[in-house]
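need a 3D model of the sequence below.
(chains A and B)
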Amino acid sequence: MHYKILVVDDEAPVRDLFGDLFKKEDCLPVSCGSGEEALAILEKETFDVVLLDIKLPGMNGLDVLKEIRQKYPKLPVVMITGFGFDEELITKSKQFGCCGYIGKNMPVAQIIVTFMQFVKEFKEKGKA
Amino acid sequence: MGVRFPSPANAFMDNQMKDIFDGQIDNVAVLVLYLDKSGKIIFCNKKAESIIGLKHDNIVEKNWLEVLCRGIDNAMKKEMFKAVLDDALVYKRARDFECHLLGNHDNLRLISWNITPISDKNNQIQGSILFGQDITEIQERENSIKKIDDSLKNIISSINEYALYVINLNGLITYFGMGCETMFGYHKQEIIFKHVSILHKIDQISFDLDIILERVRLFGKHESETELLTKAGVAIPVRLTVNQFLDSHGKLTGYIFIAKDITETKKLEYQVFQAEKLAALGQLSAGMAHEINNPLFVISGRLEMLKQEELTPKLKETLSLIDSQTNRIRKLVDRILKFARKSTQPLEVVDVNEIIEFALALISHSIPPAVRINKFLTKNMPKILGDAEQLEEVFLNIITNAYQAMPEGGVIEISSDNFQNLYAQIQITDTGIGIPAANFKNIFMPFFSTKSQGTGLGLSVCHNIINNHNGSIELKSQINQGSTFTIKLPFA
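Next up is the predicted model:
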């Protein structure tokens, strides 16, 4: 599972935590603090998956998701938010084509497992 | 035209009565009849002829009772009239009597008679003179005024949220009218001539009433929202209108108070205010929860990673403590988010009884054996529009509160009814410790709890859910007697 993961979150401690957690899973994390930065990085580099926070300065996560979907239809995006399991946000994220939705209120170990599961399912769907 | 006295009368008329009758007696607007002592009509004037509707010759020389009570079936009335005349003659005193008279074209007139006995010089009764005033129109007018008055009284008394009372210039209540007894609980007799301050709140009376009356004197009228006191000492919010009470010369003699009970309006205003406050709090809470979730996520993530390191037992123990406390915060934040969240799930047609049954099945194992559950669910009720999961949470919350309010055990009664074909009304009653009246206002506010372990979010979440269902939730409670939650949910 040596995924190359783009972590987009405006809070450095969150980015760093994900960085460490993904490294432990033998993944390669790259992180940035805004949607605009993320889109710029995606222009230059290829990733296996994007972990995208919803509340971001400037473009919000849902706007970024829409743009990624248009430009990179096969790139899986997992949404994450501190708002927990907000039905409205989940519905919108699904509409815009995310492959999963995670609340920061979940236990950390579960977040990583769930994240990996979402990516795996998305990749398998793509193959089929 | 001269007065036509028949010859037998002329004998004493010449002496006594001629002076009186001389003149325009025919032209006066009252009926005038002269009877001899046997009751025979000796004289009648033009007015009497026209009202009675008989020719002069058909009146004179006839018995007075036959003429005046012609066509009147009421034998009792006739007897009474006769008795009054006899009384006047026997006791030589004037008497009054009201009696109907069948006049022209069978037109029934009401006549007010004055019967005056006539005596000669030796004080011997010679006959009597009857003056009759046609009071038919006056009576009709009075009747119609009375009818208007009665219907006004009916109208006013049917509008029971109004009370009308009047005070004099000394502030004493001189009239305690329609709606007052209902609104204030005083009987008219016990409050008349009491000072009006009895109806005003003590802390207001000193300045409030003086200002009100001053304004009425200056501007003729005053309107304000205030509170008045009932006999039981309960303050009721009212819209008070005070006007000048003037006599027929326009002189100020007192003040008219009209109080409109605005309890229901106030209640609605309070509910709207409460809903707005809760909505604002919801937004604030969601933002706050988000801000807490981020650092919390970092703390628990780092903690998780630390746990996998080689640690001393002491450090392990400390980490485990930090972990459990962090979890506690996470759960609290989850509850806050739940409170703040407005469900976007479309409402479905659901059976409220099924939801109650389901909630009961879920919770039954937690309810202590000393608590008995009585269900009175109305069968075949119309369905409601709702989110079954959310409503289930409401019932679970209230039932949990109910059994927690009965540490010694008791009864929880759960009923569902069809309320006027409009709402499903669900009542959950316990026989527990009750809620102090002072807490009623706060009971649905977030973070308000009387339990040491409570988050204070349970009932506020319930309130939000019911609001999102366009329903209502109300609490009634008495200390040591128990509490009743009444939920109304509109039928689909």
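
and residue B:11, what's its pLDDT?
With respect to pLDDT, residue B:11 has a value of 48.

and if you look at residue A:20?
For residue A:20, the model assigns a pLDDT of 93.

so the nearest residue to it once chain neighbours are set aside is in which element?
Spatial nearest neighbour of residue A:20, excluding adjacent residues (Cβ to Cβ, 6 or more residues apart in numbering or on different chains): residue B:305 at 6.5 Å. Just so you know, the C-beta spots here come from the backbone N, C-alpha and C atoms, and that holds for glycine as well. Using DSSP states H and E, residue B:305 maps to helix B:263-307.

next helix or strand past that helix?
Past helix B:263-307, the next helix or strand by DSSP H and E is helix B:313-340.

tilt between that following helix and helix B:263-307?
150 degrees (axes from the mean of the first three to the mean of the last three Cα atoms, to 10 degrees).

can stretch B:275-286 be said to contact chain A?
Yes: shown here: stretch B:275-286 in contact with chain A (Cβ under 8 Å from any Cβ of the partner chain) through residue B:286.

buried stuff in that stretch?
Across stretch B:275-286, burial judged by 16 or more other Cβ atoms under 10 Å in any protein chain shown covers B:278, B:281, B:282, B:285, B:286.

separation between the nearest residue to residue B:55 once chain neighbours are set aside and chain A?
Excluding its sequence neighbours, the residue lying closest to residue B:55 (Cβ to Cβ, 6+ apart) is residue B:49, at 7.1 Å. Distance, residue B:49 to chain A, by Cβ to the nearest Cβ, to the nearest Å: 96 Å.

list the helices and strands the host helix or strand of residue B:49 packs on?
Per DSSP H and E, residue B:49 falls inside helix B:46-52. Other elements packing on helix B:46-52 under the criterion 3 or more Cβ pairs under 8 Å, 6 or more residues apart in numbering or on different chains; DSSP states H and E are strand B:31-36, strand B:125-134.

low-confidence ranges, the stretch 1-150 of chain B, go.
B:1-24 (pLDDT under 70).

hey, where'd the helices end up in it?
Counting by DSSP state H, counting those that start in this stretch, the stretch 1-150 of chain B has these helices, from start to end: B:7-12, B:18-21, B:46-52, B:64-68, B:75-91, B:136-158.

save these as JSON lines, and put in distance to residue A:54 too.
Output for those, formatted as JSON lines (distance: least, Cβ to Cβ, whole Å):
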{"stretch": "helix B:7-12", "distance to residue A:54": "118"}
{"stretch": "helix B:18-21", "distance to residue A:54": "112"}
{"stretch": "helix B:46-52", "distance to residue A:54": "99"}
{"stretch": "helix B:64-68", "distance to residue A:54": "103"}
{"stretch": "helix B:75-91", "distance to residue A:54": "96"}
{"stretch": "helix B:136-158", "distance to residue A:54": "59"}
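
who in chain A is up against chain B?
Contact residues, chain A versus chain B (Cβ under 8 Å from any Cβ): A:11, A:13-14, A:17, A:20-21, A:24, A:55, A:81-84, A:86-88, A:91, A:103-105, A:107-109.

among the residues you listed, which ones are buried?
Among those, those that count as buried by neighbour count (16+ other Cβ under 10 Å) are A:11, A:14, A:17, A:21, A:55, A:81-84, A:86, A:103-105, A:107-108.

find the residue at the geometric middle of chain A.
By Cα atoms, centre = their mean, chain A has its centre lying nearest to residue A:51, at 1.5 Å.

that residue: which element?
strand A:49-53.

and the helix holding residue B:305, how far from the chain's centre?
Taking Cα atoms, centre = their mean, to the nearest Å, one finds the center of helix B:263-307 at 42 Å from the center of the full chain.

next, the angle from it to strand A:49-53.
140 degrees.

and helix B:263-307, what does it pack against?
In terms of contacts (3+ Cβ pairs under 8 Å, 6+ apart), helix B:263-307 is packed against helix A:12-24, helix A:108-127, strand B:235-246, helix B:313-340, helix B:458-468.

can you tell me which of those is nearest to residue A:41?
With respect to residue A:41, and counting by Cβ to Cβ, the nearest of the helices and strands packed on helix B:263-307 is helix A:12-24 at 13.0 Å.

quick one, the closest one and strand A:49-53 angle?
Using the same axes, to 10 degrees, helix A:12-24 lies at 160 degrees relative to strand A:49-53.

now the closest residue to chain B within chain A: closest residue in space that isn't a chain neighbour?
Chain B sits closest to residue A:82 of chain A, with a gap of 3.5 Å, by Cβ to the nearest Cβ. Among residues not flanking residue A:82 along the chain, residue B:293 sits closest, at 3.5 Å (Cβ to Cβ, 6+ apart).

quick one: residues contacting that neighbour.
Counting by Cβ atoms under 8 Å, 6 or more residues apart in numbering or on different chains, residue B:293 touches A:82, A:83, A:84, A:103, A:104, A:105, B:333.

what pLDDT is listed against it?
Reported pLDDT for residue B:293: 87.

can you give me the end-to-end distance of stretch B:356-373?
Distance across stretch B:356-373, first residue to last, is 12 Å (Cα to Cα, to the nearest Å).

residue B:326: neighbour count?
16 (other Cβ atoms under 10 Å in any protein chain shown).

what sits against it?
By Cβ under 8 Å, 6+ apart, the contact list for residue B:326 reads B:296, B:299, B:300, B:303.

let me know the pLDDT of the closest residue in space to the last one that isn't next to it in sequence.
So that's residue B:303. Distances taken as Cβ to Cβ, 6+ apart put residue B:323 closest to residue B:303, at 5.6 Å, once the chain neighbours are dropped. As predicted, residue B:323 sits at a pLDDT of 89.

same question, residue B:454
Confidence score, pLDDT, at residue B:454: 62.

so residue B:417 makes contact with residue B:382?
No: assessed by Cβ atoms under 8 Å, residue B:417 is found out of contact with residue B:382, at 11.6 Å.

between those two, which contacts overlap?
residue B:424.

for the stretch 151-300 of chain B, which residues are neighbours of chain A?
Contacts of the stretch 151-300 of chain B with chain A, taken as Cβ under 8 Å from any Cβ, map to B:286, B:289, B:290, B:291, B:292, B:293, B:294, B:295, B:296, B:297, B:298, B:300.

residue contacts, the fourth one?
Taking Cβ under 8 Å, 6+ apart, we find residue B:291 in contact with residue A:82.

now do 10 Å
Going by Cβ atoms under 10 Å, 6 or more residues apart in numbering or on different chains, residue B:291 touches A:55, A:82, B:333.

can you check residue B:251 too?
Neighbouring residues of residue B:251 by Cβ under 10 Å, 6+ apart: residue B:244.
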